[in-house]
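In: Turn this into a structure:
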Amino acid sequence: MTKVQCPAKVNLFLEVTGKRPDGYHRLATLFAKINVYDVLELENQPRGVSLEIDSETPLSAGPDNLVCRAAAAFIKAFRVDGGARIRLTKRIPMGAGLGGGSSDAAGTLLGLAKIFEIRLDAEKKAVLRRLAAGLGADVPFFLHPAPFCLGTGIGDRLKPVRIEKSLPYMVLVYPGLHVSTVAAYKALPKPPPPRSVVLTRLSQLDRLIRSLKRGRPVEEWEGLMFNRLESAELPVLAQVAAARKVLTQLGVRGARMSGSGSSVFGFVGSHAEGEAALRRLRGYPWKGFLTSCHG
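Out: Take a look at the predicted model:
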């Protein structure tokens, strides 16, 4: 049996830079893996793929699940003789902008390579990347070993960002509202921001990355964080705005929505400060985490 930890992510920055003819939006985003995990346990079985899920909320374990889709794609691409029994322990909230399903898909690809003893040379890694891209825009990031990546295209063109100094502790809250990624992009105000605004934001992203690389204190880069999807015209985002306001009032710095939401995160000066913030959040109907970025 092989066990794989599948991390969540946050977007420290997300700007929509355009729209492709196929309807997908072009992005410039800074991905960061965080220490909140789903867990996969995988083992061989004679044929087929079976999935068992341990989750607080109902989740399909059928062929539509990204784990099953990833497993089927892997078995077909590598022509393996046999199947897989998979157990998923779900801890990352769903529909929260944390990439849990995408991370599970990437973890499935990596886990199957282990149980089928496939040596991942350059050619086979290229096959995995192709499979990941076919499963979802965020899946390639979770397949990538780097903890931080600049994502362009639809988020699938990745450039590792090397950050030497650990970022501060993070407070993450999930208001319990599921946000559809497709709906969030469709609800962006029309027309899109003028090119001059987008270029200004991309300059802001460059400054954010430089500050993080130099290990500057959060006070110097919290204002550079950004998420265009916070401006989507969806009623549920009122709760996101409320969560950002509460976190800011508690002294959490740079409070932003991750991805298409509805989770909100920000940084604190110490573990004790983060624990104090979570205690004060107990009166809200939110799920809270004290965590940190990888690296």
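
In: so how far is the longest helix anywhere in the chain off the chain centroid?
Out: When the chain is parsed with DSSP state H, its longest helix is helix 195-213. Offset of helix 195-213 from its chain centre (CA atoms, centre = their mean, to the nearest Å): 20 Å.

In: Check what contacts the helix or strand just after that helix and list those residues.
Out: Heading C-terminal from helix 195-213, the first helix or strand you meet, by DSSP states H and E, is helix 218-221. Helix 218-221 has contacts (CB atoms under 8 Å, 6 or more residues apart in numbering) with 167-168, 207-208, 211-212, 253-254, 267, 269. All C-beta atoms are positioned from the backbone trio N, CA, C, and that covers glycine.

In: how's the protein carved up into domains?
Out: What automatic domain parsing lists as the domains of the chain is 2-160, 169-291.

In: how far does the longest one sit from the chain's center?
Out: Its chain's C-alpha centre lies 10 Å from the corresponding centre of domain 2-160 when counted by CA atoms, centre = their mean.

In: And for stretch 283-295?
Out: Using CA atoms, centre = their mean, the offset of stretch 283-295 from its chain centre is 14 Å.

In: What residues of that stretch count as buried?
Out: By neighbour count with 16 or more other CB atoms under 10 Å, stretch 283-295 contains the buried residues 286, 288-293.

In: Among these, which one lies nearest to Ala77?
Out: Cys293 (31.6 Å; CB to CB).

In: show me the contacts for the closest one.
Out: Counted by CB under 8 Å, 6+ apart, Cys293 has contacts 10, 32-35, 147-148, 166-167, 170.

In: Mean pLDDT added to the domains of the chain, as CSV?
Out: As requested, the domains of the chain are arranged in CSV below (pLDDT from 0 to 100):
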stretch, mean pLDDT
domain 2-160, 95
domain 169-291, 94
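
In: Okay, strands next: where are they in the stretch 101-250 of the chain?
Out: Secondary structure of the stretch 101-250 of the chain (DSSP state E, counting those that start in this stretch): strands at 148-152, 157-160, 169-174, 226-227.

In: Wait, a strand at Gly266?
Out: Yes: assignment of Gly266 by DSSP: H, G, I helix; E, B strand; the rest coil places it within a strand.

In: what's the neighbour count on it?
Out: 26 (other CB atoms under 10 Å).

In: Numbering from 27 from now on, please.
Out: Fine by me, first position is 27 from now on; the one you just mentioned is Gly292.

In: for it, what are its contacts?
Out: 196-197, 248, 270, 273-274, 278-282.

In: Write a PyMOL command that selects only the buried members of the residues you listed.
Out: PyMOL command restricting these to the buried ones, with burial defined by 16+ other CB under 10 Å:
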select buried, resi 196+197+248+270+273+278+279+280+281+282
